[in-house]
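J.: Build me a model:
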Amino acid sequence: MHAHLNRERRKGSRCLSDHTKCRAVRGRVRDKERERETKRERERQRERERQRGRERQRERERQRERETKRERQRERERQRERERDKERERETKRERETKRERETKRERDKERERDKEGERQRERETKRERQRERERQRERETKRERETKTERETKRERETKRERDKERERERQRERERDKERERETKRERDKERERQRERQRDKERERHKERERETKRGRETKRERDKEIERDKERERQRERERQRGRERPRERETKRERETKRERDKERERETKRERERDKERERHKEGERE
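T.: Residues are numbered from 1 along each chain as shown. Now for the predicted structure:
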């Protein structure tokens with residue numbers, strides 16, 4: 001405004017009495033002031049929009065964390081349900097195995113009973129055969145009594161020899177039967193032992209598979225935690241950069257305190273990760289010990 005008055009004085013104009021020009025100057029000053037105020041208001045509006053954007057971003061982060069927590073909970077529930085299903089399957093399998101063993105034992109008992117009955121039957125037949133043989137022997141003896149003594153002795157010796165030969169043959173037959181029964185029993189025991197060995201091998205394989213699944217899951221969770229920590233560090237760095245650009249850098253003391261807290265959080269996370277890694281090493285060592293046993 002003073003510059004305007006000076007220019008008017010140099011030109012010889014009477015500005016102090018010319019109110020139209022003075023009002024025009026004041027109007028331009030007011031217009032500029034309004035423009036500056038409008039600009040400041042727009043800047044404040046942009047700042048409020050940025051603040052709301054940051055709030056929405058933080059809310060989205062919290063929402064993602066809640067979703068991640070719920071998803072982990074659901075995954076743990078599904079894992080427990082799978083474990084319960086596997087336990088029910090193992091219980092059902094054990095019941096089937098127990099039932100099969102009982103059936104096998106009943107069959108073996110029946111087989112032994114039949115063998116015993118057959119042995120008793122053979123003994124009865126042998127006894128009757130011996131009785132008939134004794135009858136025939138007595139008849140032959142009666143007949144030989146009518147013959148000479150030498151003939152009777154000779155014939156009796158031959159009969160006795162035949163009897164002994166028959167008895168030895170029957171004994172050999174019984175021994176062969178017993179050997180066959182022992183072979184069958186030995187074969188059944190070997191089959192049962194092989195089945196138990198296969199079952200132990202399958203249990204070990206299932207345990208190794210479960211351990212690999214647990215290791216993979218723990219690795220994924222650790223990676224997600226590290227990625228979140230890196231993302232939070234990047235977000236804090238971007239926040240500080242924005243604050244420096246706006247000329248509103250926070251005091252160094254509070255920044256240092258926040259950095260110390262961030263460092264403590266990272267140290268705690270690394271310590272927890274180290275502890276989890278030691279636990280996994282111990283679990284693997286126990287698993288290896290179990291396999292060696």
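J.: switch to C-alpha atoms for all contacts and neighbour counts from now on
T.: Fine.
J.: pLDDT of the longest helix along the chain, averaged?
T.: In the chain, assigned by DSSP state H, the helix with the most residues is helix 19-145. Per-residue pLDDT over helix 19-145 has a mean of 88.
J.: Can you list the helices and strands that that helix packs against?
T.: On a contact count with 3 or more C-alpha pairs under 8 Å, 6 or more residues apart in numbering; DSSP states H and E, helix 19-145 meets helix 149-245.
J.: and the angle for the helix it packs on with helix 19-145?
T.: 180 degrees (axes from the mean of the first three to the mean of the last three C-alpha atoms, to 10 degrees).
J.: Next SSE downstream of helix 149-245?
T.: Moving toward the C-terminus from helix 149-245, the next helix or strand (DSSP states H and E) is helix 252-292.
J.: centre of the chain versus that following helix, how much separation?
T.: The chain centroid and the centroid of helix 252-292 are separated by 22 Å under C-alpha atoms, centre = their mean, to the nearest Å.
J.: now swap in stretch 198-210 and tell me
T.: With C-alpha atoms, centre = their mean, you get 12 Å for stretch 198-210.
J.: So for the chain, the centremost residue is which one?
T.: Against the mean C-alpha coordinate of the chain, by C-alpha atoms, centre = their mean, the closest residue is Lys210 at 3.5 Å.
J.: Run the chain-centre distance for the longest helix of the chain.
T.: 8 Å.
J.: what does stretch 280-293 give?
T.: On C-alpha atoms, centre = their mean, the centre of stretch 280-293 falls 16 Å from that of its chain.
J.: and it, C-alpha only, in PDB?
T.: Extracted C-alpha coordinates of stretch 280-293, given in PDB (Å, rounded to 0.1, in the frame of the first residue of the first chain):
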ATOM      1  CA  ARG A 280      13.300 -77.800  17.700                       C
ATOM      2  CA  ASP A 281      16.900 -79.100  17.900                       C
ATOM      3  CA  LYS A 282      16.000 -80.900  21.100                       C
ATOM      4  CA  GLU A 283      12.800 -82.300  19.600                       C
ATOM      5  CA  ARG A 284      14.800 -83.600  16.500                       C
ATOM      6  CA  GLU A 285      17.400 -85.200  18.800                       C
ATOM      7  CA  ARG A 286      14.700 -86.900  20.900                       C
ATOM      8  CA  HIS A 287      13.200 -88.200  17.600                       C
ATOM      9  CA  LYS A 288      16.500 -89.500  16.400                       C
ATOM     10  CA  GLU A 289      17.000 -91.200  19.800                       C
ATOM     11  CA  GLY A 290      13.600 -92.800  19.500                       C
ATOM     12  CA  GLU A 291      14.400 -94.100  16.000                       C
ATOM     13  CA  ARG A 292      17.700 -95.600  17.100                       C
ATOM     14  CA  GLU A 293      16.000 -97.400  20.000                       C
END
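J.: How about residues contacting it?
T.: Identification of contacts with stretch 280-293 by C-alpha atoms under 8 Å, 6 or more residues apart in numbering yields 204, 215.
J.: and that stretch, which residues are buried?
T.: Residues of stretch 280-293 classed as buried by neighbour count (16 or more other C-alpha atoms under 10 Å): 280, 287.
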